[in-house]
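Undergrad: need the 3D shape of this:
(one chain, ligands or ions: 1)
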Amino acid sequence: MNLADCSSHSATARLLHFGSPGAIYLRRFVGSLHVGRCGSNPTHVKTLRLRSNPPKTLTVTAAMASEAEVAASAKIIDGKMVAKEIRDEITTEVSRMKDAIGVVPGLAVMLIGERKDSATYVRNKKKACESVGINSFEVRLPEDSAETEVLKFISDFNDDPAVHGILVQLPLPKHMNEQNILNAVSIEKDVDGFHPLNIGRLAMRGREPSFVPCTPKGCIELLHRYGFQIKGKKAVVIGRSNIVGMPAALLLQREDATVTIVHSRTQNPEQIVKEADIVISAVGQPDMVRGTWLKPGAVVIDVGINPVEVRRLPLRLVGDVCYEEARKVVSAITPVPGGVGPMTIAMLLSNTLSSAKRIHNFQ
Ligand SMILES: Nc1nc(=O)c2c([nH]1)NC[C@@H]1CN(c3ccc(C(=O)N[C@@H](CCC(=O)O)C(=O)O)cc3)C=[N+]21
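TA: Numbers count the residues shown, from 1 in each chain. As a prediction, the model looks like this:
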């Protein structure tokens, strides 16, 4: 076991807006809070103060840590493996469809600007399409393109019968209006599920969205495939973004969980998270959720993919949840990387296949 795993990246560079031990005053001694950094050896406690109101008194001692250490370790929810299974299923379906009606599903991906991470994601999506036999069409436009140019491509893809799914990689350059662009994608080809009509339907009982956003759908798929019950459980979603937190909460509610959303203005987030049987975290703050926030036996889906610097080594990816602490408390947890990320891409392929099936009325 490597206790130092989460501990060595620069926590101070990433102060949190939650009342977590990441949001700390390192300047002076206040009160009696003794919390080590995520995954750090608890015998080397640091004296820190939470920024939440009122200040907490919370002590992590060496004794507690050693108790935790003897506890069983959580099951690892292997998103990479499940995503591979799903890709295999999609491969079979794509070839069945091709053999039966001669149609190959097609995904159009638009990348505007030169962001390195976006370029990597788009490349991975293209590779994933190839791996299952889905056609991919890629458009790359320079950062300073006009919004009308993007809209023209979207309109052409909307009309193109070889294209069954359209994805505009986010974030867009600042001068573009995301709302105009997402609204322009045909509701029947909105494989990202970001069109307001799809989100609206997701929120309504008795309505069915054409597509569900890929990342939240991947989270629920993991819970299903591992056989975790959602119905009747207390679920907490941390984060309220349009693309993950909010739709994840709506999906959990549709699955009959009792859902609470915790966000940057929530008071006592740790207390609320501690009640949850299921936690989905999507905030983008490295190691924000500590072991002490989690209910023993909870199931944790960590959507965060946060690059952190460790002793000036190349960037490493960590989640929103301090994995080393959490795995001693919870019953199951997704790793980062290898958890939700690969599922997001698998769900994109699944949405593209469903779209082609629906358009061609193929069961
Ligand atoms: N219109 C749009 N749709 C998106 O779905 C969308 C987007 N814009 N913008 C950016 C985010 C981010 N995203 C990820 C997908 C896969 C991984 C993934 O596969 N990650 C791997 C490895 C990551 C690595 O090693 O770099 C993992 O977690 O194991 C991560 C992030 C989709 N996004």
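Undergrad: contacts for whichever strand or helix holds Arg201?
TA: Take DSSP states H and E as the rule and Arg201 turns out to sit in helix 196-203. Residues outside helix 196-203 that contact it (C-beta atoms under 8 Å, 6 or more residues apart in numbering): 182-183, 187, 190, 193, 207-213, 242, 246-247, 250-251, 254. Yep, even glycine has a C-beta here, placed from its N, CA and C like the rest.
Undergrad: do the same with stretch 325-337
TA: By C-beta under 8 Å, 6+ apart, the list of residues contacting stretch 325-337 reads 6, 38-39, 68-69, 71, 73-80, 222, 226, 228, 289-292, 294-302, 304-306, 317-319, 321, 323, 340.
Undergrad: from these, keep the buried residues only.
TA: 6, 38-39, 68, 74, 77-79, 222, 228, 289-292, 294-295, 298-302, 304-306, 318-319, 321, 323, 340 (16 or more other C-beta atoms under 10 Å).
Undergrad: how far does stretch 82-93 sit from its chain's centre?
TA: Taking the mean of its C-alpha atoms, stretch 82-93 sits 20 Å from the chain's own mean (C-alpha atoms, centre = their mean, to the nearest Å).
Undergrad: where along the stretch 51-200 of the chain do the strands fall?
TA: Taking DSSP state E, counting those that start in this stretch as the criterion, the stretch 51-200 of the chain contains strands spanning 75-76, 106-112, 135-141, 165-168.
Undergrad: export these to TSV and tack on mean pLDDT and distance to Thr344?
TA: Converted to TSV, the strands of the stretch 51-200 of the chain look like this (pLDDT from 0 to 100; distance: least, C-beta to C-beta, whole Å):
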stretch	mean pLDDT	distance to Thr344
strand 75-76	98	18
strand 106-112	98	14
strand 135-141	98	16
strand 165-168	98	11
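Undergrad: what does this protein put close to the ligand?
TA: Counting by C-beta under 6 Å from any ligand atom, the chain comes close to the ligand at 121, 124, 167-170, 192, 214, 305, 317, 336-338, 341-342, 344-345.
Undergrad: just the CA trace of stretch 176-196, in PDB.
TA: C-alpha atoms of stretch 176-196 as PDB (Å, rounded to 0.1, in the frame of the first residue of the first chain):
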ATOM      1  CA  MET A 176     -18.500  31.400 -29.500                       C
ATOM      2  CA  ASN A 177     -22.000  31.000 -28.100                       C
ATOM      3  CA  GLU A 178     -22.200  27.500 -26.800                       C
ATOM      4  CA  GLN A 179     -26.000  27.700 -26.600                       C
ATOM      5  CA  ASN A 180     -26.500  28.600 -30.300                       C
ATOM      6  CA  ILE A 181     -24.200  25.800 -31.300                       C
ATOM      7  CA  LEU A 182     -25.700  23.100 -29.200                       C
ATOM      8  CA  ASN A 183     -29.200  24.100 -30.200                       C
ATOM      9  CA  ALA A 184     -28.300  23.800 -33.800                       C
ATOM     10  CA  VAL A 185     -27.600  20.000 -33.600                       C
ATOM     11  CA  SER A 186     -30.600  18.000 -34.800                       C
ATOM     12  CA  ILE A 187     -32.300  16.500 -31.800                       C
ATOM     13  CA  GLU A 188     -32.200  13.100 -33.700                       C
ATOM     14  CA  LYS A 189     -28.400  13.300 -34.000                       C
ATOM     15  CA  ASP A 190     -27.600  14.800 -30.600                       C
ATOM     16  CA  VAL A 191     -25.500  11.800 -29.300                       C
ATOM     17  CA  ASP A 192     -24.000  14.000 -26.600                       C
ATOM     18  CA  GLY A 193     -27.500  14.500 -25.200                       C
ATOM     19  CA  PHE A 194     -26.700  18.200 -24.600                       C
ATOM     20  CA  HIS A 195     -29.700  19.700 -26.600                       C
ATOM     21  CA  PRO A 196     -32.000  21.500 -24.100                       C
END
